[in-house]
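1. just to be clear, the model below is a prediction. Sequence and coordinates:
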Amino acid sequence: MADDPTTHAGEAALVDRFHRGDPAAFERIVVDHRGAVYRVARRLLRSHEDADEAAQVTFVKAWKALGRFRGESSLRTWLIRIALNVSRSMLAARSRAQPMEGMDQMADASEPADASLGRSEERRRIREAVAKLPPRQREVVILKVFSEMTYADVAAVMALSEGAVKAHLHHAVANLRRRMGIRVVSEAG
Amino acid sequence: MDCERFEAELLEVFDDGLVGEPRRARLEALLRHARGCPACAALEGLAEMLQLPPDRRDPIEDPDDAYWASFQQRLAERLRAEEVRRRRRTTVAWLGSLAALLSLAVAVWWLGPLGDGDTTAEIASTELPVQGGAEPPVTPFVDEAEPPIPEDLDEDLKRATPDTLIALEPLAGDGDTWSADPLGPFGDGEDGWLLPEELGLDDEGRRALLEWIQEQEARLRGGRA
């Protein structure tokens, strides 16, 4: 991913220091990746408070599991994968507690400060439509479109093949066309 | 450009290798079509959004330094609490092992060295004396944070916490074959999961899921020190 601040060798050295009991190593890992983890959780959960909790839980899980991290993927990919699963769990818990209500609130949690109100409103509608996609499609759109991860990274994060990621994105675009199309028709009267 | 081509081109814009001028030209062509086609007008906003850098498509206000300082502090406190819990479990497990060893030593002392005629069954059936200050045998340590799997399949899945669920993804093109996320329950600090009901599993699928969970938990418990 473009903004990964550490090299593979640097990551390996950090993990090695962690294994040898250096507490500063994990702190460095958190500082390097907390922003990316927070942003993924924020886009999925659409709430700062929930994203904060998800990010905290992600790093606690990572701390407990880092001893078994084999370096087959980058640390960033591994952490975002954990964040994705934590966010999924929180969304599932939220939907059990508040069926359907949480989804409507999700899309409007972040409003861009665009000069053009029209474009701002359009993007809000797109985010709203994305928030209502089936879980896998929503995740692929968030990771591929809003975070612009590569297909390989998205596949690694979601434990899917690249083909499956592309298939989910294809279905997501078709779904967005239907959702946005219905809105366009209804607004036209 | 027809509508089918429009959607195909839109997906190609997501291609990892498409950057710079080729990407810009393709997006412009997509927008020209979307603005003139009622069927594709719904995706005009998405095509416009793709012209923006990724961090502006769904902008997230980055938290300030004060937030991150608080984040680090709270995380450190949670990790300290986790470390305390881990040490407590280790201590109880150690005490359990020590008690088991003491019980074995008492048994050996009570029964004396094995000679002709002693059988395992006789040793096993001998009641151990409880002398003053000696502790009775302690059953193997059970992590109370991980409740046993209940027998009722449906109730178990309804009560399952995020930390005991697994994410399953059908392998491409084969809805009957599952590629299981390889990580196990929360007690090992591994990934959280999707709810089985989100996957639309039928009874047989849910039964297979529960059996897989039980197998993984048994494997993980067997691997613990």
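-> Nice, thanks for sending it over.
2. tell me which residues touch the most centrally placed residue in chain A, please.
-> Most central residue of chain A, judged by C-alpha distance to the mean C-alpha position with Cα atoms, centre = their mean, is residue A:40 at 3.0 Å. Applying Cβ atoms under 8 Å, 6 or more residues apart in numbering or on different chains to residue A:40 gives the contacts A:80, A:83-84, A:87, A:142-143, A:147. Bear in mind the C-beta positions are built from the backbone N, C-alpha and C, glycine included.
3. between the residues you listed, which sits nearest chain B?
-> The closest of those to chain B turns out to be residue A:147 (Cβ to the nearest Cβ; 6.2 Å).
4. tell me how many other residues crowd the closest one.
-> Neighbours of residue A:147 under the rule other Cβ atoms under 10 Å in any protein chain shown: 23.
5. was I right about it contacting residue A:39?
-> Yes. Applying Cβ atoms under 8 Å as the test, residue A:147 and residue A:39 come out as touching, 7.1 Å apart.
6. hang on, the earlier thing: most widely separated two among the contacts of residue A:40?
-> A:87 and A:147 (13.0 Å; Cβ to Cβ).
7. following element in sequence after the lowest-mean-pLDDT helix or strand in chain A, please.
-> Ranking every helix and strand in chain A by mean pLDDT, DSSP states H and E puts helix A:101-106 at the bottom, with a mean of 45. As assigned by DSSP states H and E, the chain's next helix or strand after helix A:101-106 is helix A:117-131.
8. buried residues in that next one, which are they?
-> A:122-131 (16 or more other Cβ atoms under 10 Å in any protein chain shown).
9. ok, and which of those reach chain B?
-> A:122-123, A:125-127 (Cβ under 8 Å from any Cβ of the partner chain).
10. pick the one among those residues closest to chain B.
-> Distance to chain B across these (Cβ to the nearest Cβ) is lowest for residue A:122, with 4.2 Å.
11. show me the contacts for the closest residue to the closest one other than its chain neighbours.
-> In space, and not counting its chain neighbours, residue A:122 is closest to residue B:45: 4.2 Å by Cβ to Cβ, 6 or more residues apart in numbering or on different chains. Residues counted as contacts of residue B:45 (Cβ under 8 Å, 6+ apart) are A:122-123, A:125-126, A:180.
12. element containing residue B:45, please.
-> Secondary-structure element containing residue B:45, defined by DSSP H and E: helix B:44-49.
13. list the buried residues in the next helix or strand after that helix.
-> Using DSSP H and E, the helix or strand that follows helix B:44-49 in sequence is helix B:54-57. By neighbour count, and taking 16+ other Cβ under 10 Å as the criterion, the buried residues in helix B:54-57 are B:54, B:57.
14. close to chain A, is helix B:54-57?
-> Yes. On the criterion Cβ under 8 Å from any Cβ, helix B:54-57 is in touch with chain A at B:54, B:56-57.
15. nearest to residue A:173 among the residues you listed?
-> Of all these, residue A:173 sits closest to residue B:57, with 14.5 Å by Cβ to Cβ.
16. so where's chain B uncertain?
-> Within chain B, the segments meeting pLDDT under 70 span B:16, B:113-203, B:205-206, B:209-210, B:212-225.
17. the lengthiest helix in chain B packs against which elements?
-> Counting residues, the longest helix in chain B under DSSP state H turns out to be helix B:65-111. Here helix B:65-111 is seen to pack against helix A:23-45, helix A:48-65 when contacts are counted using 3 or more Cβ pairs under 8 Å, 6 or more residues apart in numbering or on different chains; DSSP states H and E.
18. that helix vs helix A:48-65, what angle?
-> Inter-element angle recorded for helix B:65-111 and helix A:48-65: 40 degrees (by axes from the mean of the first three to the mean of the last three Cα atoms, to 10 degrees).
19. ok, of the buried residues of helix A:117-131, which one's closest to residue A:158?
-> Nearest to residue A:158 among those: residue A:130, at 15.9 Å, using Cβ to Cβ.
20. that closest one: what's it in contact with?
-> Taking Cβ under 8 Å, 6+ apart, we find residue A:130 in contact with A:107, A:138, A:141-142, A:172, A:176.
21. switch to 7 Å and redo it
-> Under the criterion of Cβ atoms under 7 Å, 6 or more residues apart in numbering or on different chains, the neighbours of residue A:130 are A:138, A:141.
22. which residue packs closest to residue 27, ignoring adjacent ones?
-> You didn't say which chain, so I picked chain A. For residue A:27, ignoring the flanking residues on the chain, the nearest one in space by Cβ to Cβ, 6+ apart is residue B:72 at 7.2 Å.
23. that's the wrong chain, I meant chain B
-> residue B:51 (5.5 Å).
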